[in-house]
Every structure is written in C-alpha cells, then in structure tokens.
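K.L.:
Give me a 3D structure for the following:
(4 chains)
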2 protein chains.
Amino acid sequence: MAGNCRFTVAAHICAVLVLDPRITVTSDFIAGSVNTNPVVVRRILAALARAGLVTSKRGQAGGYHLAFAPSEIDLARIARAVDDDDRLVFTPNPPNPVCPVSRSIRPILTEAISHAERAREAELSKIRLSDIIARRRM
Amino acid sequence: MAGNCRFTVAAHICAVLVLDPRITVTSDFIAGSVNTNPVVVRRILAALARAGLVTSKRGQAGGYHLAFAPSEIDLARIARAVDDDDRLVFTPNPPNPVCPVSRSIRPILTEAISHAERAREAELSKIRLSDIIARRRM
DNA sequence: CTCATTCGTAACTTTATCTGTTTCGAAAGG
DNA sequence: CCTTTCGAAACAGATAAAGTTACGAATGAG
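P.N.:
From the prediction side, this is the model:
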C-alpha cells in the first residue's frame, strides 16, 4: 500500500459531525459509521484537532464538534490536516556529484512536484463540507 | 514510508538517457548516476518500457534508449508509467449501510480526488525532459 | 464524593509495500 | 564459445498503516 485512507476517513468523520451540529458526537458513534475502531477514529480526530478543525470534550456527554461552519471547511483543509507533510519523494541516497543529471535534477523536480501539489490542493479546495452534505442520499 | 521514490528516480533515469541519445546506456551505468542498485534501475525501466517510453536491448552493447524525443516526454507521462494506478484511498472495510454519510460519501470523494489528480497531472505535463536538460548545470 | 463515561495516548501485532540484494536464465554479439 | 546485459524471481530489512488493548486523565451525573 503506497498510500493511506486517512484523508477519506477524515472527510467521512467530518461529514458525520456535520449531520447534526447540535450534538456532541463520540468516537464510538463515528467508528460505527466508518466501520472501524474508535481509536483509529480518535487518531484522525487528533490530527483534525491539531489543525483546529474540530474541538473535543472528555467525560460524560463528551465527544467532538466541528470548529467551523460546514461551508468554511473544504477538502484541501482536511487533506492538509491529516496528510504527512514530508513524504519521501527522493531516494535517501546522496546524489552522485560526478553526474551532471544527479547534480541538478532535484531542485527542478522539487519545483515541479510543488506546483503539482498546489494544483491538486486548489482542486480539492473547491469542495466544501456543505457541498458533500447537500449531495448525500438521505 | 507512505510513498516511494519511483517517480523521481524514473525522471532521473530518463534524464540520463537524454544526455547522449546516440549511446545505448546500461542499467549499471545509470545505477552509478542514481547511486543505487542496477536491479532497482531495471525495475523502474521495466515500468517505463511497459509504458512504451524506453526500449531495451540485451547482450553485449545492450542497454536502454528513449523511445521518443525529449520534447515529447513530459513528467506526467513518466509519473503515469511508474505510479500505482489503484492506490488505496478508501478503507477496505465495507460502508455501514445504516449511516447516510457512509452510503453516499464514496462517489463524492472519488470524483473530487479524480479531479484533483487530473489537476496534478496537468501541472506535471507542463515540464518536458527537454526542459529538464535545458535547465541542468553542466 | 464516587463512579461511569469519554478522550488522549502509548504499546503492540499484523499486514503491506518499498528498497536493496542475490541469483539465474535468456538473449545478443564479438 | 563465452562475455555482456537484460528480465525476473526470490528474499531480507526497513518503514508505515490499521487495528487492537490498555490505562490514565478529565468531566459530569448522581
């Protein structure tokens, strides 16, 4: 698996939190919707909380809330919250200083990849939680 | 490691092949530039050959050639050749049919991710091998 | 105050993937 | 014939993700 499900699970979790914003939702309830373990859900929610997208409360009647209106949270924000910032894209081996390609290719590719990631994020930012809720089958 | 170095290594390999298109380059030589094992290089080259981007010849004076002019190969083409098509983005667990979010979120996210990937590819396609060679330090 | 509930987090297992390596057969040519 | 070189399988080690167990800390109900 050269990837992970954190982004889609995080989006799913956020969508559940939107369903009825008045209710404090427990990780146990969300785990039922996502069909996984509550600790897995709490791990994702911890990342979302670190990014300021959700708030949490412990104890009885505790659980999670969205920190923003559904129209203020887009998919790019969710992706940034749960995606690993420094994914390995270059071999850890040092470049061969004798080879002209080796000497110069990294900054060129770094720039290209950075532009590509920005384009990807821009596209994800077009979809907001409010759009997802509007399009769901009831 | 939630990722791999195949794309950057593949781009590096292609750039080496461009250096002098008259020469048939061995995986051993390329491995020296990339600073890794020849078998690793051949694995990447096998993917590039499957995509039709390079040709190979066995035996003495054997090795690899680009199948197209450097101006006809862009980074998106290289990425498509070596990237896993069906990366895991959804949890393998079945959706919970009782939950309205669970029932409807996958197609919505699938579409959003597909648009985002298209935007990423479009950006990568702007850089061609000829651009990379033109920008290298000699 | 006590106790049940719930989050926060660490630790561990299982599984999957990537990279590197060894090995060997097949093709190609000197 | 024999060296070179690719093609591909097989394996080890490292890393990461997902799931699970466990337990402490916070919170509020009674």
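
K.L.:
give me the residue from chain A nearest DNA strand D.
P.N.:
Going by C-beta to the nearest atom of the strand, DNA strand D is nearest to A:Gly59 of chain A, at 2.5 Å. C-beta: built from backbone N, CA, C; applies to glycine.

K.L.:
pretty sure that residue is in a strand, no?
P.N.:
No. Read with DSSP: H, G, I helix; E, B strand; the rest coil, A:Gly59 is coil and lies in no strand.

K.L.:
For it, report the pLDDT, please.
P.N.:
On the pLDDT scale, A:Gly59 is placed at 96.

K.L.:
Equivalent analysis for A:Ser33, please.
P.N.:
pLDDT, A:Ser33: 96.

K.L.:
now swap in A:Ala49 and tell me
P.N.:
For A:Ala49, pLDDT reads 98.

K.L.:
Work out for me the element it sits within.
P.N.:
Using DSSP states H and E, the element containing A:Ala49 is helix A:38-50.

K.L.:
Quick one: distance of that helix to the chain centre.
P.N.:
The chain centre lies 11 Å from the centre of helix A:38-50; the measure is C-alpha atoms, centre = their mean, to the nearest Å.

K.L.:
If you count contacts, what does it end up packed against?
P.N.:
Counting contacts by 3 or more C-beta pairs under 8 Å, 6 or more residues apart in numbering or on different chains; DSSP states H and E, helix A:38-50 packs against helix A:6-19, helix A:27-34, strand A:54-57, helix A:75-82.

K.L.:
buried sites along it?
P.N.:
Going by neighbour count (16 or more other C-beta atoms under 10 Å in any protein chain shown), the buried part of helix A:38-50 is A:38, A:40-42, A:44-45, A:47-49.

K.L.:
Tell me which residue of chain A is furthest from the middle?
P.N.:
A:Val98 (40.6 Å; C-alpha atoms, centre = their mean).

K.L.:
ok, that residue to B:Phe29 distance?
P.N.:
Look at A:Val98 and B:Phe29: by C-beta to C-beta, to the nearest Å, they are 12 Å apart.

K.L.:
chain center to the lengthiest helix in chain A, what's the gap?
P.N.:
Taking DSSP state H as the criterion, chain A has its longest helix at helix A:100-124. The chain centroid and the centroid of helix A:100-124 are separated by 21 Å under C-alpha atoms, centre = their mean.

K.L.:
returning to that earlier point: can you give the contact residues for the helix holding A:Ala49?
P.N.:
Helix A:38-50 has contacts (C-beta atoms under 8 Å, 6 or more residues apart in numbering or on different chains) with A:6, A:9-10, A:13-14, A:26-28, A:30-31, A:34, A:54-56, A:64, A:78, A:81-82.
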